[in-house]
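Visitor: next input, structure requested:
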Amino acid sequence: MQVDLTGKSILLGVTGSISAYKACDLARLFVKAGASVHVVMSPSAQRFVSSLTFEALTRNPVLTEESESWASELNHIELGKKCDIFIIAPATANTINKIAQGIADNILTQTALAFKDKILIAPAANTQMLAKTATCNAITFLQKNNYDMINPQDKLLACGDVGSGALAEPTEIFFEVAKALYSDPFWENRPVIVTGGGTREKLDEVRYISNFSSGKMAKSLCVALYLRGADVSYISTMGFEDLPSAINTIEAHDAKDILDATQTSVKNVTTDKHTLKMAYLFMVAAIADFTPKSPQSGKLKKSELGNTWNIELKQTTDVLATIDKSAIKTVGFKAEMDTKKGLNNAVSLLDKKGVDAVCYNLLKDAKSFGGNENEITFITKDTQISLGRADKLTLSGKILHESKKLIHKEDINV
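Guide: You can find the predicted model right below:
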């Protein structure tokens, strides 16, 4: 899925770390997302990567000690004014300590001192350099003063030491920057549970009954929520790859797993005394209506089964109807193929399942599953709003916009 940063302008600061080459991948991710990317490099950063590399990637001139000009916008004052956000990646321990102390002795620290909007810092340094009291104090000071820190990785470092200090992966940094740009006060720190994927009801140890759900809609919804600042828990049978690490993922297999995990998660978010906002539940999972009555251990042999295999099924517990929804806003998802009764079936879920809203999706056939686009009608007791057809991440944003309206002033927790 592609996060859209069209119309956003990002200032990327690169300092003198061996991981400076990863900033090239980061710049490429921003450009691919549609952002306008501007780069400022410290003198030591130029020892690892040339400014020409970033100019080729971003199609914008790079601000360095040598290129700074007061006859254009390429200087440490004007460049920052045209950018929405400043991400310094990699940021050495030296740079972190300088910024905390207000020291501006090179072009990058001068730009940071002059920048008035959000600054994110992705440290990259030897473990001991980051662990020193001065650096720890500098990081703490910056965090208390509205700087966001993107934690380094714990791994084998270029110097040969093992520990915390490796630059976070470019995709992780990208998500953190996008999150800062997409931040929505309504969703920020709000607990949200999302279920996704098609359940797999076990026949024996190697076979199961399932459906064609790809889990893409649920995954897109998780990313959309994360970008807006929500505290996301994702319960799914699939689709955990390439998600931001801050999303809490819970792996499930069958309908019972989904039920148990959802009940536990709902109980946790609704009884947590530290939760100041009403939680949401988005039930996107395609949960099987029936499961084998007697799943077998081991692998059943074809020779033992004979020419036919009669499988006795029993109904699964209706997760959406069973869970306690009294202290949580719930949005159900309904996929239908019946052009005449599909909409009415979706509307009936409001009362049958006791949900606050339903996302209705009319499918043509089995080929409709697994695509990158979807078409949703957002249904409440009072409205039926067509969200149109779009890629699933864009559509997720529209769903969240409508879901905000489920919170009313009379609700205790908003």
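Visitor: surely residue 277 and residue 185 touch.
Guide: No - assessed by C-beta atoms under 8 Å, residue 277 is found out of contact with residue 185, at 10.3 Å. (Glycine included, C-beta is placed from N, CA and C.)
Visitor: give me the more crowded residue out of those two.
Guide: Taking other C-beta atoms under 10 Å, residue 277 and residue 185 do not tie; residue 277 has more neighbours (19 against 9).
Visitor: surely that one forms part of a helix?
Guide: No - going by DSSP: H, G, I helix; E, B strand; the rest coil, the assignment for residue 277 is coil, not a helix.
Visitor: from residue 258, how far out is it?
Guide: Going from residue 277 to residue 258 by C-beta to C-beta, to the nearest Å gives 24 Å.
Visitor: then residue 78?
Guide: 54 Å.
Visitor: which one of these two is surrounded by more residues?
Guide: Neighbour totals were compared for residue 78 and residue 258, and residue 258 leads with 27 against 14 (other C-beta under 10 Å).
Visitor: where does the chain have low pLDDT?
Guide: 156, 161, 163, 364-370, 409-414 (pLDDT under 70).
Visitor: how about the top helix by length along it: buried residues?
Guide: Assignment by DSSP state H gives helix 255-271 as the longest helix of the chain. In terms of neighbour count (16 or more other C-beta atoms under 10 Å), helix 255-271 has its buried residues at 255-259, 261-262, 265-266, 269-270.
Visitor: and of these, the nearest to residue 73?
Guide: residue 269 (46.9 Å; C-beta to C-beta).
Visitor: quick check: that closest one touching residue 278?
Guide: No - contact criterion C-beta under 8 Å: residue 269 and residue 278 do not qualify, at 9.3 Å.
Visitor: and for the two, which residues touch both?
Guide: residue 328 (C-beta atoms under 8 Å, 6 or more residues apart in numbering).
Visitor: any chance you could map the strands in the stretch 301-414 of the chain?
Guide: 313-315, 328-336, 357-362, 373-379, 384-391 (DSSP state E, counting those that start in this stretch).
Visitor: and the angle for the last one with strand 357-362?
Guide: The one in question is strand 384-391. Strand 384-391 and strand 357-362 are oriented at 60 degrees to each other (axes from the mean of the first three to the mean of the last three C-alpha atoms, to 10 degrees).
Visitor: count of residues packed around the spatially closest residue to residue 337 that is not a sequence neighbour?
Guide: Residue nearest to residue 337 in three dimensions, not counting chain neighbours: residue 363, with 5.2 Å by C-beta to C-beta, 6 or more residues apart in numbering. Neighbourhood size, residue 363 [other C-beta under 10 Å]: 16.
Visitor: any idea how far residue 363 is from residue 338?
Guide: Residue 363 sits 10 Å away from residue 338, going by C-beta to C-beta.
Visitor: quickly list what's touching both of the two.
Guide: Joint contacts of residue 363 and residue 338 (C-beta under 8 Å, 6+ apart) do not exist.
Visitor: ok, residue 72 - contacts?
Guide: Here residue 72 is in contact with residue 78 (C-beta under 8 Å, 6+ apart).
Visitor: from residue 147, how far off is it?
Guide: Taking C-beta to C-beta, one finds residue 72 at 28 Å from residue 147.
Visitor: then residue 351?
Guide: 49 Å.
Visitor: ok, those two, which is more surrounded?
Guide: More crowded of residue 351 and residue 147, by other C-beta under 10 Å: residue 147, with 19 against 9.
Visitor: and the helices in the stretch 151-300 of the chain, which stretches?
Guide: 170-182, 216-227, 255-271 (DSSP state H, counting those that start in this stretch).
Visitor: also the stretch 1-150 of the chain?
Guide: According to DSSP H, counting those that start in this stretch, the helices that the stretch 1-150 of the chain contains are 22-32, 51-58, 78-81, 93-101, 107-114, 127-131, 133-144.
Visitor: ok, back up a step: which residues are in contact with the longest helix of the chain?
Guide: For helix 255-271, using C-beta under 8 Å, 6+ apart, the contacting residues are 191, 193, 195, 199, 201, 233, 235, 237, 250, 252, 275, 279, 281, 283, 285, 287-288, 291, 316-317, 319, 322-325, 327-328.
Visitor: any of these buried? List them.
Guide: Looks like those have 191, 193, 195, 199, 201, 233, 235, 237, 250, 252, 275, 279, 281, 283, 285, 287-288, 291, 316, 319, 323, 325, 328 buried, using 16+ other C-beta under 10 Å.
Visitor: distance to residue 40 for the helices of the stretch 1-150 of the chain - can I get that in TSV?
Guide: Below are the helices of the stretch 1-150 of the chain laid out as TSV (distance: least, C-beta to C-beta, whole Å):
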stretch	distance to residue 40
helix 22-32	11
helix 51-58	10
helix 78-81	7
helix 93-101	12
helix 107-114	5
helix 127-131	22
helix 133-144	18
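Visitor: looking at those helices, which is closest to residue 214?
Guide: Of all the helices of the stretch 1-150 of the chain, it is helix 22-32 that lies closest to residue 214, at 22.7 Å by C-beta to C-beta.
Visitor: quick check: buried residues in that closest one?
Guide: Buried residues in helix 22-32, defined by neighbour count with 16+ other C-beta under 10 Å: 22-24, 26-27, 29-31.
Visitor: and which of the residues you listed is nearest residue 300?
Guide: Closest approach to residue 300 among these (C-beta to C-beta): residue 29, at 47.4 Å.
Visitor: for residue 170, see how far away the closest one is.
Guide: From residue 29 to residue 170 the distance is 6 Å (C-beta to C-beta).
Visitor: before we move on, what about residue 90?
Guide: 11 Å.
Visitor: swap in residue 401?
Guide: Remark: distance between residue 401 and residue 170 (C-beta to C-beta) = 29 Å.
Visitor: more neighbours: those two, which one.
Guide: A count of neighbours by other C-beta under 10 Å puts residue 170 above the other of residue 401 and residue 170, at 20 against 15.
Visitor: surely that one and residue 21 touch.
Guide: No - using C-beta under 8 Å, residue 170 makes no contact with residue 21, being 10.3 Å away.
Visitor: tell me, what's touching residue 90 and residue 170 both at once?
Guide: The contact sets of residue 90 and residue 170 overlap at 22-23 (C-beta under 8 Å, 6+ apart).
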